[in-house]
Every structure is written in structure tokens, then in C-alpha cells.
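1. With the sequence up front, the predicted model follows.
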Amino acid sequence: MADNHNSVNGIREYCKRSHAAFEYVPIRYDDLRIDQDVLEDALSKSEARKHKLFAFPAQSNVSGVQHHLSWIKKAQAKGWDVLLDAAAYAPSSKLDLSEVNPNFVSISFYKIFGYPTGLGCLLMHKDSFELLEKKWFAGGTVTLASVMAPHHYLAGNHERFENGTINYLDIPALSIGIDYINQIGIERIHERVVSLSTYLFERLTKLTHANHVKKLKLFGPQDRNHVGGTLIMTFLTENGVVIPFEEVEQKANNEMISLRSGCFCNPGIDEVNNCLTMQELSQYFTSRTTGDYYDMIATLKKMRGAIRVSVGLATTQHDLDRFIDFVKQF
């Protein structure tokens, strides 16, 4: 999907190297949700292929849109294996793997309870384990390897994918973090995040300049149903001109407010929000060997990036009121 994190986008490079095909299903500009008819068509037209992987986020890491988990079963019925990116979803929503059965699920622990960083997890259905082909080996990923006879046997379990020494000093912290979340209750966390994000969204949408021009453009669904705790926005002048996100972030830093700015490792949403076309992007990338979004802005004369505000387990209403007062200053 065009709403994938770059960690998922990068899988296409393996695909290209193997001379396989890949395709993005677009998202709609008005609400940043998937067009269900387009997705249905994309899942249906590759029935002849033997190995097919459908990768999508349970929740967008940028807009907070929660894409419907029913697509897992629908895709599998059409012969697809499913990779569910739950990194943004798991911190404040219950993912019951007895009800939904993706082949693979990726999660990030620090996003759930803040510590330790650097530890992620790929859950995989045991029936799908042998689908993953490892084309090299290192350290403890093998049971046996030879130099004189250039052969090796990969480990028969998850260890075949754990290159080098894993972070064994931090791993015990995971059980403490999971116990902490269980004591609070994920449903309770979910209700609080929904309540806080709704509170913030409703108040930000009402902020206007003296001439009644809105101070913010808030992207994504306006109904806030099935949306997590992130809001993406651009700040506007009284003439409706976008204020560069660097300027907003610097002012926020001065107020001791932490924001996320830029493209958020999700170029698909940023390209949609800033109305970039495939022709413009292709022309830019084929005209040079290196670049960044500052160079792209100067070349295409179109804005890149936005501001993202996130609420979570540690957020209070006072935090949100501070941010609302911050926006009023512009």
C-alpha cells in the first residue's frame, strides 16, 4: 500500500533484484484511506503467481488511519501471504492473533512501552517459516559450516535470521514492559488515546486567524473513526500559505514542545498530501544521482513534509492544551 513505512517499502528492492513484480495500491487524498475497489482488483489480478506477499500497516505511522484487518483473510483467500506492520497499531490497540491470522507481524517494543530501543520483533506463523529463504549466513545462524567444502546448514528455527549477537542484556526488560502494559490494560490505553486525540482534533479544527482563515490544515479523516493517536498537519499564514515545518519545529523547541516534522519515513502519504505527480517524481529522480527533500522542493517548487503530533500512554490533557496555546500564537 502507498501508506507503508519505508521499512516495508524497502522490501521492493529484493523483489526488483529477483526480477519479480511489485505494485502499490494508492490512498485517497481526501481521507488518506485505501480505495477498497482498487485494492480488491489488485489482489485479484495476480492469481497465476505462485508466491505473493501483501504488505500493509494495521495503522498508518503518519495519519493514524487504521486499515481494516479483514483484508488479511480476504487476501489469503486469493492466495496471498500477508505481512502486517503492527508497529504503530500495537501500542494502543489490541491485536488478537486468534481472530486475525497474518503470516507475518512486525512490531516495535519501544513504541509500546518506551524501552528498550533497538529491539523489534517479527512474529511468523510456523506454517510460513520455510517460505523465508536466507541466501547467506553469519555467526550463530548455522548449525554447521565448512571452509574446505563450501557448504553449510542453517539453524532450523528463528536463530537462522538473528545475525550476530542479539541484544541479550536488554531482552529481559521486555517481560517487565509487557507486564506493565497488562497491568494497565490495552483496552484502557486505547480508550484514553482515542479520547485525547479526539479532544485535540476537535479544538485544532476550530482555530482560525482574525480573517477566519484556518491556522492549520489537518490531513486525513474528519470523522476520526478507526484512527489512532497521531495527527498530521501543516501550519498556515493568514493568507493560507504553508509555513515551512522547520520554522514551526524551531518555535516548538523554544516552547519545550516535542514535534515530529518531515516526511516521517512514509513518502507515499507525503506525496499524496503535497500533490506530487508520478511524472514529476520520475523526472526528478532520473535527472540526478543524489538529492534530498530540500533539493526536491527547490526543483519542483512544491512543498514536502508536514508536522505530526502523537498522543500515547504518557500524554496528559495539559500537554495538549500547551500545544493548542502554541498554535494560537501563530
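-> Done, it's in. Numbering: from 1, shown residues only.

2. State the helix or strand in which Ser106 lies.
-> Counting by DSSP states H and E, the element that carries Ser106 is strand 104-108.

3. for that strand, what is the average pLDDT?
-> Averaged across strand 104-108, pLDDT comes to 96.

4. One more: stretch 200-209?
-> Mean predicted lDDT for stretch 200-209 stands at 97.

5. Run the chain-centre distance for it.
-> 25 Å (Cα atoms, centre = their mean, to the nearest Å).

6. Okay, now the sheet partners of the strand holding Ser106, with direction.
-> Strands that pair with strand 104-108, judged by DSSP bridges, come out as strand 81-85 (parallel), strand 120-124 (antiparallel).

7. For the helix or strand containing Tyr14, give me every contacting residue.
-> Using DSSP H and E, Tyr14 falls within helix 11-17. Around helix 11-17, the neighbours that count as contacts under Cβ atoms under 8 Å, 6 or more residues apart in numbering are Ala21, Phe22, Leu53, Ala55, Leu83. For glycine as for every other residue, the C-beta is placed from the backbone atoms N, C-alpha and C.

8. repeat that with 7 Å
-> The list of residues contacting helix 11-17 from outside it, by Cβ atoms under 7 Å, 6 or more residues apart in numbering, reads Phe22, Ala55.

9. Just the helices from the stretch 1-150 of the chain, written as ranges.
-> Using DSSP state H, counting those that start in this stretch, the helices found in the stretch 1-150 of the chain span residues 6-9, 11-17, 36-44, 70-77, 109-113.

10. Which stretch among those approaches Asp295 most closely?
-> helix 6-9 (18.4 Å; Cβ to Cβ).

11. So which bits of stretch 211-223 are buried?
-> For stretch 211-223, the neighbour count (16 or more other Cβ atoms under 10 Å) marks Lys215, Leu216, Leu218, Phe219, Gly220, Pro221 as buried.

12. Can I get that stretch in CSV, CA atoms only?
-> Only the C-alpha atoms of stretch 211-223 are listed here, as CSV (Å, rounded to 0.1, in the frame of the first residue of the first chain):
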residue,chain,number,x,y,z
ASN,A,211,-9.7,36.9,8.9
HIS,A,212,-11.3,33.4,9.6
VAL,A,213,-8.6,31.5,7.6
LYS,A,214,-7.8,28.3,9.4
LYS,A,215,-4.5,28.2,11.2
LEU,A,216,-4.0,24.5,10.3
LYS,A,217,-4.7,22.1,7.5
LEU,A,218,-5.3,18.7,9.1
PHE,A,219,-4.9,15.8,6.8
GLY,A,220,-6.8,12.5,6.9
PRO,A,221,-10.3,11.5,8.1
GLN,A,222,-12.5,14.2,9.5
ASP,A,223,-14.8,11.7,11.3
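
13. what about that stretch, distance to the chain center?
-> 23 Å.

14. Contacts for it next, please.
-> When contacts are defined by Cβ under 7 Å, 6+ apart, stretch 211-223 is touched by residues 31-33, 63-65, 201, 204-205, 207-209, 227, 231-236, 238, 240, 273, 327, 330.

15. Stretch 113-129 now?
-> Residues outside stretch 113-129 that contact it (Cβ under 7 Å, 6+ apart): 81, 101, 103-110, 167, 170-171, 173-174, 177, 180-181.

16. end-to-end on it?
-> Distance across stretch 113-129, first residue to last, is 28 Å (Cα to Cα, to the nearest Å).

17. Just give me the neighbour total for Leu236.
-> Neighbour count of Leu236, defined by other Cβ atoms under 10 Å: 18.

18. That one reaches Val248, doesn't it?
-> No: assessed by Cβ atoms under 7 Å, Leu236 is found out of contact with Val248, at 10.7 Å.

19. what is in contact with those two at once?
-> Joint contacts of Leu236 and Val248 (Cβ under 7 Å, 6+ apart) do not exist.

20. re earlier: which among the contacts of stretch 113-129 count as buried?
-> Buried among the contacts of stretch 113-129 by 16+ other Cβ under 10 Å: Asp81, Asn103, Phe104, Val105, Ser106, Ile107, Ser108, Phe109, Leu174, Gly177, Ile181.

21. Include distance to Gly291 when you put the residues you listed into JSON lines, please.
-> Formatted as JSON lines, those follow (distance: Cβ to Cβ, whole Å):
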{"residue": "Asp81", "distance to Gly291": "34"}
{"residue": "Asn103", "distance to Gly291": "36"}
{"residue": "Phe104", "distance to Gly291": "32"}
{"residue": "Val105", "distance to Gly291": "34"}
{"residue": "Ser106", "distance to Gly291": "29"}
{"residue": "Ile107", "distance to Gly291": "32"}
{"residue": "Ser108", "distance to Gly291": "28"}
{"residue": "Phe109", "distance to Gly291": "34"}
{"residue": "Leu174", "distance to Gly291": "39"}
{"residue": "Gly177", "distance to Gly291": "39"}
{"residue": "Ile181", "distance to Gly291": "41"}
